[in-house]
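Peer 1: the amino acid sequence is not available; the structure is as follows:
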């Protein structure tokens, strides 16, 4: 908690080591992660009793690509996850070899929806918006504005500032996202694209995202 008359120091989250869970160690013992609650009814009951319920979403295709680059690609940032996941899913590929983006997409499509790993699972399954009555749904693409609006609505704008990236951080822009999407998805056959659209259709419809067929081969 911030001292009276001051704002909480949210910049602490910019100096955490890579792969560090972004939960303040001082409050961790008082916080229960919803991801640890497997019973969807119990999860819904807890959230529906909360004062303010909110979630943030991201374009499904951007999210899938981000998960691949961070967790599965041969130069993935999270090598620990990559090794663990490939050991459990040897049909996807070997730890010593590269897993192409198309291979990864075929793996996703071949996995039952309810068994998808949470980093690329559908948001409708991860956050249960059809069961939980959320007060606010923000988007990754407009994170700063949406976060400011959320803080305003909850009366926290005077005590919390949304953290600003360190000066050394290369700011990703919407054009960067588009370039990455074009680079990776142009390798993907149109038939595979249609299957992706079908599998994640609920996310596209519920969160008002369009499917960019023009990106595909």
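Peer 2: Yep, that arrived. What you see is a predicted model, and the numbers here were worked out from it, not measured in a lab.
Peer 1: need the contact partners of stretch 114-127.
Peer 2: Residues outside stretch 114-127 that contact it (C-beta atoms under 8 Å, 6 or more residues apart in numbering): 35, 55, 57-58, 60, 63-64, 67-68, 70-71, 85, 108, 113, 129-130, 134, 199-200, 202-203, 206-207. Where C-beta positions appear, they are placed from N, C-alpha and C, glycine not excepted.
Peer 1: what does stretch 132-149 give?
Peer 2: 43-44, 47-48, 52-59, 62-63, 127, 129, 150, 153, 157, 162, 174, 207.
Peer 1: how does it look with 7 Å?
Peer 2: Residues from elsewhere that reach stretch 132-149, judged by C-beta atoms under 7 Å, 6 or more residues apart in numbering: 44, 47-48, 52-59, 150, 153, 162.
Peer 1: do a quick rundown of the helices in this structure.
Peer 2: 40-48, 60-67, 79-88, 101-109, 123-126, 143-153, 174-185, 190-199, 201-206 (DSSP state H).
Peer 1: between the two ends of stretch 177-196, how far is it?
Peer 2: End-to-end span of stretch 177-196 (C-alpha to C-alpha, to the nearest Å): 19 Å.
Peer 1: so which bits of that stretch are buried?
Peer 2: Across stretch 177-196, burial judged by 16 or more other C-beta atoms under 10 Å covers 177, 181, 184-185, 188, 192-193, 195-196.
Peer 1: hang on, residue 217 packs against residue 192?
Peer 2: No. If you go by C-beta atoms under 7 Å, residue 217 and residue 192 don't touch, sitting 8.9 Å apart.
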